[in-house]
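*Asks:* Take this sequence and fold it.
(chains A and B)
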Amino acid sequence: MPMQNSRDIGRLAERLIDASEADETEVSLGSGAERFVRFADSGPTQSADRNWQSVSIRARFQGDDGWREARADCDGSCEARALGALERATILARMAPPNPEARALGGAVDVREQVADEATASFPFEEMAPWVQMATAACTDAGLAPAGLIQCRSAEGRLVNSAGREVACSSSRAGFCLTASSPDFKTSAGFADAIHSRVGDLDAEAVVRRAVSKALAGAQPQNIEPGEYTVVLEPNAVSALLLFASYAGFGAQEVAEESSFLCGREGQQIFPESLQIADDAHNEFHPGCPYDGEGWPRQPVQLVDAGRVGTPVTDSKWAAKLGLPNTGHGLAMPNTSGPIPMNLVLSAGEQSLAELIGGVEHGLLITQFHYTNLIDPKDLLLTGMTRNGTFRIEKGEIGPAVKNLRFTESFVKAFGSITGIGSEREVAGALFEGEVICPALRIENFRFTSSTDF
Amino acid sequence: MAKQEMTLAREAIDAALALGADYADCRVSRVWDEELVVKNGRLGSAESYEESGLGLRVRMNGCFGFAAAPLGAELGGTALADLAQRATHTASVLSAAKVTPAAWADEPAHTAEWSSPRTIDPFSVPLEDRLSLLMAADASMAGAPETVAREASCSLRREEKWQASSEGSHIYQDLMRCGAGMSSTAAAHGQVQCRSYPASMGGNFASAGWEHILAMDLARHGGRLRDESVALCSADAAPEGERTLVIGGSQLMLQIHESVGHPNELDRVFGHEVDLAGSSFSQADHMGRFRYGSKIVNLVADSTIPGGLGTRGFDDECVAAGSWHVVRDGIFEGFHTDRTWASKIGAERSHGTSRAQGWFHPPIIRMTNLSLMPGEWDFDALIADCEDGSIFVDTVKMWSIDQRRLNFQFTCEIGWEIQDGRLARMLRNPTYQGTTPEFWGACDAICSSAHWNLWGVANCGKGNPIQLAEMSHGAAPARFRGVKLVATK
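*Replies:* Below you'll find the model as predicted:
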């Protein structure tokens, strides 16, 4: 997987800034490569060996009434196309209405160095094929149908602006997920995955073992009535809830527009003292890009401290409007989305998964939620389905599997009802975009509103 | 048909065949996107995007491989050969893990050109005109102190695509789509409520020119959106329990999408989407005998319907566009298929619904335009025919459905209780829940073609890694009996 040379990227940015007629110019360059194999009962079903390059240019003109600005992007495959993007950004910016709230571009900053793992960037199909064979063989031997994905990618980015800012980073990500299902795709299924920055940290055999054992344990699911249950949510299920706090709660724009659950609760302890949630792009598990869409260093932000909710993440625009520090969580400007925390980390607790389960008299163990979505942002009221391994917990032990349930529950109420936090953390994502780092949680009185026949 | 791009596609295929591929297809794409957003009277974002690239798919030993790269000046000579080498190497290496070779349905070779119909090229409309249309739309929503956000946006996209296959197809397609929308959000009484026009999630999109956006007459609707969003903040919460529901077209379109479109993509039925999107309650042996809905329910998939986002001449496997009944008179009839899956249900040809997000992605089965055929009812007559306590709901606010596409829950932006045959009390957060065949089986009235509209979905996600695709759904308001409403507090 060849990656574009960093020095080439830097020189192109400088040439574009030199060529720009705008009062201020910002250039973001990216490149990356990816290999993936998707597989099912017939073996590999899709695969790709692909690479990309991107150029994104912001042009700005200063006037008496504020800054006029616009952005143009292109695939970055040649300099002529990048110059075309510069021309389009310039034309759009000249015509844009002035924005008196927009501020001058910031200059030089320091960001932490971050380097991609070369082994992940070059992980070959020759090493992916045996993982596919291992997963399909394990499923076939157990009378199950596999469906999974092996994906390794690397990316490199650099942001340069005419005010003297120049930041860069590179990253890598390796992922392996497997869903093992009964052949009717109805009776039972088990899911497991692993996501790491270094492919060498990924234990493919453990993923296969977990998925297959969950599916086998769920072979004869029982009917269950909806209602309120004590639940132990495995990390993947936790991520489906926590990501909505990222999309729709912890950003300054949501607070200013009064849609965030933080409104009226800032500084209050609404969660248990044991709960710590931060946004930290520099975390050791799976670091994110060390700078934001404006090239400002991403600051670690303690969003929930000992159960007390703090102030939201910001970008330059919202920091200025609200009189808060710029925490470096902006997207590429200009945008209407506002700042977003993209690297949420929920601190580990002290209980193993077995201890979390051991503290439940009657309840449910949830592996994964499916198609979680937001009903009402004020309390982060969410709904979604259980999937791929839902089990009764009786007297502290995992019991028989149950059929799937729909939950309709508030994030605020659910996280306010946490009674146990797991000691092992994972990188976990859900159906929609994004990943968080979190442990399993035990939550009381979690509300399920309907059930299914599978 | 531009020779340079088609020549590149042809050369890539020849290179793959020379390396031992027994089949290859190639797509070369050039894409232009422009998006403008006005928020609270200011330009929120102005973006222009251009890309081109080449995606090459090959088959060796019954296993597919795919390689893709941007189409830069350097993608000639050895770079093209390198791409072919990567695709064939991928297929060759992975064929060792292949359990069952991929089947392949026949399709005649096509040499053709196809373009989306358009009256006004949206990219030719001066930027000032586009901005002033959005500024006027935004201004029309101003005037209420409770309003916390106003937004108006438009989006244009053109894709030129050169497709070729080792079977001899050479196809050029020029696909144009544009769309626009607006929304007003109010905060009061502890509530935050939003109203959108003509639909939520960015508005309505069509394979058409600027005339599609002009016809929306955005600024005429701003005052209503502002007032309704404010009124919703003090409206009663929708009740729970079983009610008769009349569902408007801009909501029903997503119901069609989620509970009819996705479950009848054949790759889901056979478990090949289980790793992310899920499987399906639909079974291969449902064809011709499974009751999917009431007798008045007819759902037609159609890749040829004017204005549809899924409308095109050919899919990404060079299969000619067509149409078929997914549900006829309430009985399930046919799946969305591609050339690898068609034979699993005994079909000689694919339905031509294999599409990729772009040159960067390998194609997968994607639903095409899928519509609920209109009935006979006038809307006012349908409302007048409803018993007191029935509820009319419209516009998507939230959607969620299980991995087998059975248990769903939708929240709409707005509802009105029906009293004395008219729309009466406004209701916030109307949320209904059901299971797919029972829900469609409870449909007892559909409004006529006068109330039927085509709604575009511009951001449908499927696949792993996820890909986006576009399609449209035609719907008129329809009535459903005994639907379960759930409390959202």
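
*Asks:* what about the residue in the stretch 51-200 of chain B positioned nearest to chain A, which SS state?
*Replies:* For the stretch 51-200 of chain B, the residue closest to chain A is B:Gly72, as judged by CB to the nearest CB, at 2.9 Å. Where you see a C-beta, it was placed from the backbone N, CA and C, and this is true even at glycine. Following DSSP: H, G, I helix; E, B strand; the rest coil, the label given to B:Gly72 is coil.

*Asks:* Could you check how far it is from A:Arg88?
*Replies:* 18 Å (CB to CB, to the nearest Å).

*Asks:* Same question for B:Leu299.
*Replies:* B:Leu299 is 42 Å from A:Arg88, by CB to CB.

*Asks:* before we move on, the earlier item: more neighbours: B:Gly72 and A:Arg88, which one.
*Replies:* A:Arg88 (24 against 18; other CB atoms under 10 Å in any protein chain shown).

*Asks:* buried ones in the one helix or strand the more buried one maps to?
*Replies:* Using DSSP states H and E, A:Arg88 sits in helix A:79-95. Within helix A:79-95, the residues that count as buried by 16 or more other CB atoms under 10 Å in any protein chain shown are A:79, A:81-93, A:95.

*Asks:* One more: stretch A:346-358?
*Replies:* Buried-residue list, stretch A:346-358, by 16+ other CB under 10 Å: A:Leu346, A:Ser347, A:Ala348, A:Gly349, A:Gln351, A:Leu353, A:Leu356, A:Ile357, A:Gly358.

*Asks:* out of these, which are inside helices?
*Replies:* Among the buried residues of stretch A:346-358, the members found in helices (DSSP state H) are A:Leu353, A:Leu356, A:Ile357, A:Gly358.

*Asks:* Let me know the closest of the residues you listed to chain B.
*Replies:* For those, the nearest to chain B is A:Leu353 (23.5 Å; CB to the nearest CB).

*Asks:* What's the local residue count around the residue nearest to the closest one when sequence neighbours are not counted?
*Replies:* Nearest residue to A:Leu353, sequence neighbours excluded (CB to CB, 6 or more residues apart in numbering or on different chains): A:Ala440, at 5.4 Å. If you count neighbours by other CB under 10 Å, A:Ala440 ends up with 27.

*Asks:* my guess is A:Ala440 meets A:Glu355, correct?
*Replies:* No. A:Ala440 lies out of contact with A:Glu355 (CB atoms under 8 Å); the separation is 10.1 Å.

*Asks:* so the strand or helix carrying B:Ala24 versus helix A:79-95, what angle?
*Replies:* Taking DSSP H and E as the criterion, B:Ala24 maps to strand B:23-39. Strand B:23-39 and helix A:79-95 are oriented at 20 degrees to each other (axes from the mean of the first three to the mean of the last three CA atoms, to 10 degrees).

*Asks:* After strand B:23-39, heading C-terminal, what element do we hit next?
*Replies:* Using DSSP H and E, the first helix or strand after strand B:23-39 is strand B:42-60.

*Asks:* now check that next one, is it near chain A?
*Replies:* Yes. Counting by CB under 8 Å from any CB of the partner chain, contacts between strand B:42-60 and chain A involve B:42-53, B:55.

*Asks:* want to throw those residues into CSV with neighbour count and pLDDT?
*Replies:* Listed next are the residues of strand B:42-60 next to chain A as CSV, based on neighbours: other CB atoms under 10 Å in any protein chain shown; pLDDT from 0 to 100:
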residue, neighbour count, pLDDT
B:Arg42, 19, 91
B:Leu43, 25, 91
B:Gly44, 20, 92
B:Ser45, 21, 92
B:Ala46, 28, 90
B:Glu47, 22, 91
B:Ser48, 25, 92
B:Tyr49, 19, 95
B:Glu50, 19, 94
B:Glu51, 24, 94
B:Ser52, 23, 94
B:Gly53, 24, 95
B:Gly55, 27, 97
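
*Asks:* out of those, which one sits closest to B:Lys484?
*Replies:* Ranked by distance to B:Lys484 (CB to CB), the residues of strand B:42-60 next to chain A are led by B:Gly44 at 38.7 Å.

*Asks:* My guess is the closest one contacts A:Gly338. True?
*Replies:* No. Under the criterion of CB under 8 Å, B:Gly44 is not in contact with A:Gly338, lying 10.4 Å apart.
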